[in-house]
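Asks: Sequence and predicted structure, then a few things I'm wondering about:
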Amino acid sequence: MNGPALSAAAQRGRDPSEVIADALKRFPGKIALVSSFGAESAVLLHMVSRLDPSLPVLFLDTGQLFAQTLDYRRALADRLGLTGVRDLRPTFADLSVTDPQGGLWRTDTDACCHVRKVAPLDRALGDFDAWITGRKRFHGGARLRLPEEEQVEGKVKFNPLAGWTKVELGAYAAEHDLPPHPLTPYGYTSVGCWPCTQPVEAGEDARAGRWSGLDKTECGIHTTKPASGPSVDLGDGL
Ligand code: SF4
């Protein structure tokens, strides 16, 4: 039997900083933030910086990022005083086998995302029991039903901004004078790897420029794994 419909307040959830503070208290030393340092990342990074600037921040440097993203990662971390940013990269051994020429994205984006994103993050998350993501419901697709907190593959995932809107993000960024990603003025509302990211037209979904033209909307790090076989997808720029 269906329960009563969620109230607007319940759908919106708790204040994001409250969710983060609670998460840090429940998992001391065993929780990390995963950030793409993309178009919407500054808000969550700012909230975390005010609670614990030394929190581990896992950044996937896939080797295919825009130079502007790498510059932004350095500048924003400095600006917010974040001291725990870790750059996660694919291993040379993995790349030499699966993508020695760096062109795997042309023929198999799932395999490319696996070696450049999923595998490095899986290795890094081995140190943690919980992680924080920047996903929001307004991104659409599988994110429409995104909970504030979920249990995935033995770890707790917190999505403090699940209920926030684009307008609220903009207002928070303006209030705290947060610098935008350098590509957002050019129509990049979601920024990932350069081969798989396009600017979007007015009125399109924020993530419409990701893997444009392909039947793919997620990289795989937010996908539950089947009992066997590679990760398929269910991520903040990821
Ligand atoms: S987003 Fe594109 S380039 Fe980046 S890891 Fe995935 S397939 Fe490769």
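Replies: Thanks, I have the structure now.

Asks: Where does residue 38 sit: helix, strand or coil?
Replies: coil (DSSP: H, G, I helix; E, B strand; the rest coil).

Asks: Pull up the gap between it and the ligand, please.
Replies: 12 Å (CB to the nearest ligand atom, to the nearest Å). Using the backbone N, CA and C atoms, a C-beta is placed for each residue, glycine as well.

Asks: residues near that residue, how many?
Replies: Neighbour count for residue 38, taken as other CB atoms under 10 Å: 26.

Asks: isn't it right up against residue 191?
Replies: Yes: applying CB atoms under 8 Å as the test, residue 38 and residue 191 come out as touching, 4.2 Å apart.

Asks: Remind me which helix or strand residue 110 belongs to.
Replies: Following DSSP states H and E, one finds residue 110 within helix 109-113.

Asks: ok, and what's touching the helix or strand following that helix?
Replies: Using DSSP H and E, the helix or strand that directly follows helix 109-113 along the chain is helix 119-125. Residues outside helix 119-125 that contact it (CB atoms under 8 Å, 6 or more residues apart in numbering) are 32, 34, 58, 60, 86, 88-91, 94, 131, 155, 221.

Asks: any idea of the mean pLDDT for helix 119-125?
Replies: If you average the pLDDT over helix 119-125, you get 96.

Asks: The helix holding residue 110 packs against which elements?
Replies: Using 3 or more CB pairs under 8 Å, 6 or more residues apart in numbering; DSSP states H and E, the elements in contact with helix 109-113 are helix 104-107.

Asks: and the residue lying closest to residue 217 once chain neighbours are set aside, what is it in contact with?
Replies: Spatial nearest neighbour of residue 217, excluding adjacent residues (CB to CB, 6 or more residues apart in numbering): residue 141 at 5.2 Å. Applying CB under 8 Å, 6+ apart, we find residue 141 in contact with 207, 217-218.

Asks: Flag every buried residue along stretch 146-163.
Replies: 146, 148-150, 155-163 (16 or more other CB atoms under 10 Å).

Asks: hmm, back to that, the helix holding residue 110: how far from the chain's middle?
Replies: Distance, stretch centre to chain centre, for helix 109-113: 17 Å (CA atoms, centre = their mean, to the nearest Å).

Asks: right, is it up against the ligand?
Replies: Yes: using CB under 6 Å from any ligand atom, helix 109-113 reaches the ligand at 109, 112-113.

Asks: do stretch 69-76 as well
Replies: No: applying CB under 6 Å from any ligand atom, one finds stretch 69-76 separated from the ligand by no less than 11.4 Å.

Asks: pLDDT of that stretch, averaged?
Replies: 98.

Asks: So which residues of this structure form strands?
Replies: 31-34, 57-60, 85-88, 130-132, 149-152, 155-158 (DSSP state E).

Asks: tally of neighbours for residue 67?
Replies: Count around residue 67 with other CB under 10 Å applied: 9.

Asks: now do residue 184
Replies: Neighbour tally, residue 184, other CB under 10 Å: 16.

Asks: check contacts around residue 188.
Replies: So residue 188 contacts 39, 181, 197, 199-200, 209 (CB under 8 Å, 6+ apart).

Asks: what's the closest of those to the ligand?
Replies: residue 197 (7.5 Å; CB to the nearest ligand atom).
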